[in-house]
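*Asks:* give me coordinates for this.
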Amino acid sequence: MTLYPYGVYMAGACVLALVWLILIMKKKGMKKGTASYLALLALPLCVLLARLGFCLSRWSWFVGKGAGWFFRFDKGGFMMYGAMAGLVLACVLTGKITGQKAASIADCAAGPGMLVLSLSCFGDLLAGAGYGQPLEEWFSVYAFGPEEYSHMSYFHLKDISFFARFPFAVPDSFYGDYRWAVGMLMGLLGLCLTLWLIKEKTSREGNRAILGITMATALAIGYDCLRMDDVTKWGVAGVVKAGEVIGAVLMVIVMAVCIARAKEKKAAGTAAACLTLAGCMGIVAAMEFALEQKIPFLLWMQMDLCYLVALLACLGMILAVRTVWKRA
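*Replies:* So this is what the prediction gives:
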C-alpha cells in the first residue's frame, strides 16, 4: 500500500477537524455519539460526491477513461462542491439516525468543514496543484523595453530570487519554473473566513451552516479565478470555468434561502443585496475575460489588478448574502 503525502496530510486535517467537531458538539449539548455518526457518514459521502462532481463536470473526458477510473482515487480529481453536498447529506442522515435537527448538526460542522477546506488549499501544493502564473512572465524578467512587458503586473523585477521559494512560489511539476503558490494565499484567506464564521453571533438553527456554505463558495470561486493548474473549463473556447459557474448558481440558491428565512421583510434592502450579489458575480466574470484581454475597454488593467478586483468581488458576495442572512 502506497502512502501519498497529500492523502496523509488530508487525513491529518480531517482528524483535526473531527477533534474540533467533538468539542463543539459537547459544548452545544448534542447527543453522545453524534460526532462519530457524522464522521463515519461524511468521509465516504464527501469523497464519493466530490469524485462524482469532478467526473460529471468532465463527462466526455471521463467516458474516455472508463468507469473504472472513478475508483482510482490515487489519480486525484475531486470537486469541492461535491464534498460540500456530501457533508450536508451526512448532516441530514445523522439527524435522522440520532433524532436531532439536521440544521443544528450542520451548524456544528460548519467551522470544522471550513477548516478542512482551508487546509485542503495548502494541501493542493503537495499534489502539484494550486499554483498560478509563472514568476518570470509575471515580473517580465526578460523584458528589455516597454513593448516587451508581459502586462501581467504593474511591478517589473529583474531579480525574482526572493519570491522564487516557498511559501511565495512552488516549482512547476512539468517545467520546473516557479509559479505563484496560490494555494497558500487561498488557504490563509480560508482560515480568516473560518475565524470570521465562528465569531459571527446567531441563535437561529441553520444560520451558521448557511453562512459557512456562502464563505466556502466564495473561496472556491476566488481560488478557481487565480489558479492556473488543471481547472475544469466549459464552452467551445474553454474559457468558462466550471467551478465559477456552479459557485454562482449556489450563491443564488443561498441568497434565495436567506430571503425566505428572513424575519424582517425589507424589499428595498433585499433588492439592494441581490443587485450587489449580481454585480459582484458580473465583476468576477468580467475579470476572467479581462485576464484574457477580451474586453477592449479593460485592456489597461494588468493581471494583478484583475485578480485583486476579483477577490474583492468574492468578498462582496459574502457581504451581500450576509446582509439578508442577518435578518434571520
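*Asks:* which stretches of the stretch 51-200 of the chain form strands?
*Replies:* 169-171, 178-180 (DSSP state E, counting those that start in this stretch).
*Asks:* which other helices and strands contact the last one?
*Replies:* Pointing back at strand 178-180 there. helix 135-138, strand 169-171 (3 or more Cβ pairs under 8 Å, 6 or more residues apart in numbering; DSSP states H and E). C-beta: built from backbone N, CA, C; applies to glycine.
*Asks:* 6 Å instead?
*Replies:* Packing contacts for strand 178-180, counted by 3 or more Cβ pairs under 6 Å, 6 or more residues apart in numbering; DSSP states H and E, involve strand 169-171.
*Asks:* give me every residue that touches Val309.
*Replies:* Applying Cβ atoms under 6 Å, 6 or more residues apart in numbering to Val309 gives the contacts Met287.
*Asks:* what's it sitting at in phi/psi?
*Replies:* In terms of degrees, to the nearest 10, the main-chain angles of Val309 are phi -60, psi -40.
*Asks:* quick check: it vs Gly132, distance?
*Replies:* 16 Å (Cβ to Cβ, to the nearest Å).
*Asks:* now swap in Ala85 and tell me
*Replies:* Ala85 is 27 Å from Gly132, by Cβ to Cβ.
*Asks:* Leu185: what's its closest spatial neighbour, skipping adjacent residues?
*Replies:* Leu226 (7.3 Å; Cβ to Cβ, 6 or more residues apart in numbering).
*Asks:* my guess is the one you found contacts Met184. True?
*Replies:* No. In terms of Cβ atoms under 6 Å, Leu226 does not count as a neighbour of Met184; the distance is 11.0 Å.
*Asks:* overlap in contacts of the two?
*Replies:* With Cβ under 6 Å, 6+ apart, Leu226 and Met184 have no common neighbours.
*Asks:* return the residues in contact with the residue nearest to Leu185.
*Replies:* Going by Cβ under 6 Å, 6+ apart, Leu226 touches Gly132, Val182, Tyr307.
*Asks:* make it 10 Å
*Replies:* 130-133, 180, 182-183, 185-186, 291, 303, 306-307, 310-311 (Cβ atoms under 10 Å, 6 or more residues apart in numbering).
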